[in-house]
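> Predicted model follows, preceded by the sequence.
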Amino acid sequence: MDYDKYRKLLVDKIESSFAQWDTKKFVNESELYAFLHTLKGTAGTIGLNDLAEFCTAHLEILSPDDESGIPVSSLKNFKKNIRLLIDGNKKKSREIMVPEVYANHFDQETFILIIDDDLEFVSFVKELLEHLGAQVLVAMNGTRGIQLFYDMQPNMVMIDLHLPDMTGLEVFEKICDTVASRQVVSILMSSDNSNEAVSRAYQAGLMDFIKKPLELELFLPYLFNRDKLRKGISQSITTDGLTGVGNRKRLDEILKYSERLNQRSGAPFSVIMMDLDHFKNVNDTYGHQTGDEVLIAFSKIALAEKRETDYIFRYGGEEFVLLLTGDQEEANVFVERLRETFNQLVFEDGDRSFSVTFSAGITQYEGELSKLLLEADQALYQAKRTGRNRNVLFDKDLVQVKRKLQVIIVDDDLLIRKMLEEELTGWNLPDIELSVKLFEDGVSFLAADWYDPDTHFIILLDGIMPVMDGLEVLERLKRRTDANNILVSMMTARTSEEDIKSALWLGADDYLMKPFQKNEILSRIQNLASRLF
């Protein structure tokens, strides 16, 4: 086949497009995308493989749907390289020459957004930073840059001062509040490094100003420095102080990051929610210091067992969440290995020793991030209901079993009982089955057959009642060996601090001062319920 004939036709077509561009100030991004898409197919067909690879790299940067303009003046090197490649010459690119020690210096969490309309510049920097291990997104104009910033949540953003639709300072003005709240590293870039330009960048709140063209011997150490600073700040506010694992804020960040990774690469991930069995009994029997030692030991084992691509977080109290790369079957294997190690631990308290087990619920991401923790929590609840010290894999085909919560009101005031009953029975929770039971005094309450091991209880206990004082009822409740699923809130009109101290010393989980507002009691019940679930 005579490829030369087709190459000549291709050159004529390319030069015709270039000539049309030269009559304009801007080329639409979608037009440039269509040009490269067609060029890629033709070049690969007639043996211009280097040109086809060039097109592929640039198509990753451009959007087929963006009608924003790219300045024709910024396409000078772009056109030059296409002409070189059509002639069969290698593109005279700025070869990536970095010391080997810099290879994979960034981890996958380093997520950089470049907002710049210079196609060759962003192509080079994107390739460079990805070579160093970072994830990189590119926007060719300010409007798309702002959209990508909020949609994808990068932790570093590099913005050119001059963009087709707005200035880099105007872009930053629209994202600066979120940049500050999320500790995003913000950089303004420009060939204009006058004192005025630099001063305006700092006054606007940007962290840094970098001069173009980039000097790699300065740019790379600078980026590593800022990435290390960002990670240090992030760790200080996203780490649980006791155990050293991630906290709830960190969990939210990694869930969103894992979803982005899944959408880009298809990498599956699973979430495991774990709860140490009967942990309240550990605190009550051996003290909170020993309980803390158990939490620390569990965290250390989980950190040692997990892979570099896995994450562990303290979700609250004795509840932990693991996020693992892989499907739920792989997650199940990991949890069994973790269980085998943790269950063998023997904790010492004086001349007493004990071991602790845990229950786990496992689910896999299937495209709906908002449901992930709810599914894992539902599976965990099933594990606890069916005997504890086991794993349950979430199955959407199974009928979900709601958790049972019963609020027991023990008060000799009929009006108080009825008011609270009316308020609480109107409280609707999607995943909790709520019931309310009333007792007019402590004697009838203690004599009644109200306890169920599969139900969680919140007891609103009046402090002053005939025959038996509320403090005495509280003391008897706390003697129970099966009180792990019971929380008690004392209701009292007593104003003495000693009475409140006595209630808390006897084990009350909360107290309410009478008189109280109806919405106050509901808020306190909700807070207590969050501790149970």
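Sure, I can see it.
> Buried residues of the helix ranked longest in the chain, list them for me.
Using DSSP state H, we find that the single longest helix of the chain is helix 216-238. Buried residues in helix 216-238, counted by 16 or more other CB atoms under 10 Å: Phe219, Leu220, Leu223, Arg226, Asp227, Arg230, Ser234, Thr238. For every residue, glycine as well, the C-beta is placed using N, CA and C.
> Pick the one among the residues you listed closest to Ser16.
Phe219 (38.0 Å; CB to CB).
> any idea how far Leu148 is from Lys126?
Leu148 is 13 Å from Lys126, where distance means CB to CB, to the nearest Å.
> Secondary structure element holding Val271?
strand 269-276 (DSSP states H and E).
> Pipe the buried residues of helix 216-238 into JSON lines and attach pLDDT and distance to Ser73 per row.
Output for the buried residues of helix 216-238, formatted as JSON lines (pLDDT from 0 to 100; distance: CB to CB, whole Å):
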{"residue": "Phe219", "pLDDT": "90", "distance to Ser73": "24"}
{"residue": "Leu220", "pLDDT": "89", "distance to Ser73": "28"}
{"residue": "Leu223", "pLDDT": "92", "distance to Ser73": "28"}
{"residue": "Arg226", "pLDDT": "92", "distance to Ser73": "30"}
{"residue": "Asp227", "pLDDT": "91", "distance to Ser73": "33"}
{"residue": "Arg230", "pLDDT": "86", "distance to Ser73": "34"}
{"residue": "Ser234", "pLDDT": "76", "distance to Ser73": "39"}
{"residue": "Thr238", "pLDDT": "81", "distance to Ser73": "44"}
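> where does the nearest residue to Asp310 once chain neighbours are set aside land in three-state SS?
Distances taken as CB to CB, 6 or more residues apart in numbering put Leu324 closest to Asp310, at 4.8 Å, once the chain neighbours are dropped. At Leu324 the chain is in strand, as set by DSSP: H, G, I helix; E, B strand; the rest coil.
> Strands of the stretch 1-150 of the chain, start to end?
For the stretch 1-150 of the chain, applying DSSP state E, counting those that start in this stretch gives strands covering 26-28, 69-71, 111-115, 135-139.
> do you know which of those lies nearest Asn527?
Per CB to CB, nearest to Asn527 of those: strand 111-115, 35.3 Å.
> contacting residues around the closest one?
With CB atoms under 8 Å, 6 or more residues apart in numbering as the test, strand 111-115 has contacts from 122, 125-126, 129, 134-139, 141-142, 145, 148-149, 152-160, 163, 168, 171, 257, 260.
> go on, stretch 478-489?
With CB under 8 Å, 6+ apart, stretch 478-489 has contacts from 278, 280-281, 284, 451, 453, 455-461, 474, 477, 506-512, 524-525, 528, 531-532.
> redo that, cut-off 6 Å
The contact list for stretch 478-489, computed with CB atoms under 6 Å, 6 or more residues apart in numbering, reads 278, 280-281, 456-461, 474, 507-510, 528.
> cool, stretch 267-281 as well?
258, 261, 318-325, 327-328, 331, 335, 356-365, 372, 376-377, 380, 388, 484.
> From those, which land in helices?
Per DSSP H, the contacts of stretch 267-281 map to helices at Ser258, Leu261, Gln328, Ala331, Val335, Leu372, Ala376, Asp377, Leu380.
> Surely the fifth one and Leu393 touch.
Pointing back at Val335 there. No. The criterion here is CB atoms under 6 Å, and Val335 misses it with Leu393 at 10.1 Å.
> If you count surrounding residues, which of these two has more?
Val335 (25 against 19; other CB atoms under 10 Å).
> do you know how far the more buried one is from Arg385?
Val335 is 18 Å from Arg385, by CB to CB.
> sorry, back to before: determine the set of other helices and strands touching the longest helix of the chain.
Using 3 or more CB pairs under 6 Å, 6 or more residues apart in numbering; DSSP states H and E as the contact test, no helix or strand touches helix 216-238.
> how about the strands of the stretch 301-450 of the chain, start to end?
With DSSP E, counting those that start in this stretch as the criterion, the stretch 301-450 of the chain has strands spanning 311-316, 319-325, 347-349, 352-354, 358-364, 391-393, 403-410, 432-439.
> give me the number of residues near Phe334?
22.
> Skipping adjacent residues, who's closest to it in space?
Per CB to CB, 6+ apart, closest to Phe334 is Leu324, 6.0 Å.
> Point out where the stretch 101-250 of the chain drops to low pLDDT.
Applying pLDDT under 70 to the stretch 101-250 of the chain flags residues 101-104.
> Tell me where it has helices.
119-131, 142-152, 168-181, 195-204, 216-238, 248-265 (DSSP state H, counting those that start in this stretch).
> and the angle for the second one with strand 111-115?
Here helix 142-152 runs at 170 degrees with respect to strand 111-115, directions being taken by axes from the mean of the first three to the mean of the last three CA atoms, to 10 degrees.
> Could you do the first one as well?
Here helix 119-131 runs at an angle of 170 degrees relative to strand 111-115 (the same axes, to 10 degrees).
> Any buried residues in the following helix or strand past the strand holding Val271, and which?
As assigned by DSSP H and E, the chain's next helix or strand after strand 269-276 is helix 279-286. Neighbour counts over helix 279-286 (16+ other CB under 10 Å) mark Phe279, Lys280, Asn281, Val282, Asn283, Asp284, Tyr286 as buried.
> show me the contacts for the fourth one.
Right, Val282. Gly291.
> what pLDDT does it get?
For Val282, the pLDDT comes out at 89.
> separation between it and Leu303?
Computed with CB to CB, the distance linking Val282 and Leu303 is 21 Å.
> And for the fifth one?
In this view, Asn283 and Leu303 are 23 Å apart by CB to CB.
> what do you get for the last one?
Distance, Tyr286 to Leu303, using CB to CB: 24 Å.
> just to revisit the earlier point, for the helices of the stretch 101-250 of the chain, could you give me CSV that also reports distance to Ile70?
What follows is the helices of the stretch 101-250 of the chain, written out as CSV (distance: least, CB to CB, whole Å):
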stretch, distance to Ile70
helix 119-131, 7
helix 142-152, 11
helix 168-181, 16
helix 195-204, 22
helix 216-238, 24
helix 248-265, 24
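> Out of those helices, flag the one nearest Asp12.
Of the helices of the stretch 101-250 of the chain, nearest to Asp12 by CB to CB is helix 119-131, at 22.7 Å.
> Quick one: list the elements packing against that closest one.
Contact analysis of helix 119-131 by 3+ CB pairs under 6 Å, 6+ apart lists helix 76-86, strand 135-139 as its packing neighbours.
> give me that answer again for 8 Å
When contacts are defined as 3 or more CB pairs under 8 Å, 6 or more residues apart in numbering; DSSP states H and E, helix 119-131 packs onto helix 49-59, helix 76-86, strand 111-115, strand 135-139.
> Restricting the selection to alpha carbons, write that helix to PDB.
Provided in PDB are the C-alpha atoms of helix 119-131 (Å, rounded to 0.1, in the frame of the first residue of the first chain):
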ATOM      1  CA  LEU A 119      -1.600  22.400  25.700                       C
ATOM      2  CA  GLU A 120       2.100  21.400  25.400                       C
ATOM      3  CA  PHE A 121       2.900  22.700  28.900                       C
ATOM      4  CA  VAL A 122       0.100  20.800  30.600                       C
ATOM      5  CA  SER A 123       0.900  17.700  28.600                       C
ATOM      6  CA  PHE A 124       4.500  17.800  29.800                       C
ATOM      7  CA  VAL A 125       3.700  18.600  33.500                       C
ATOM      8  CA  LYS A 126       1.000  16.000  33.600                       C
ATOM      9  CA  GLU A 127       3.300  13.300  32.300                       C
ATOM     10  CA  LEU A 128       6.100  14.400  34.700                       C
ATOM     11  CA  LEU A 129       3.900  14.400  37.800                       C
ATOM     12  CA  GLU A 130       2.300  11.000  36.900                       C
ATOM     13  CA  HIS A 131       5.800   9.700  36.400                       C
END
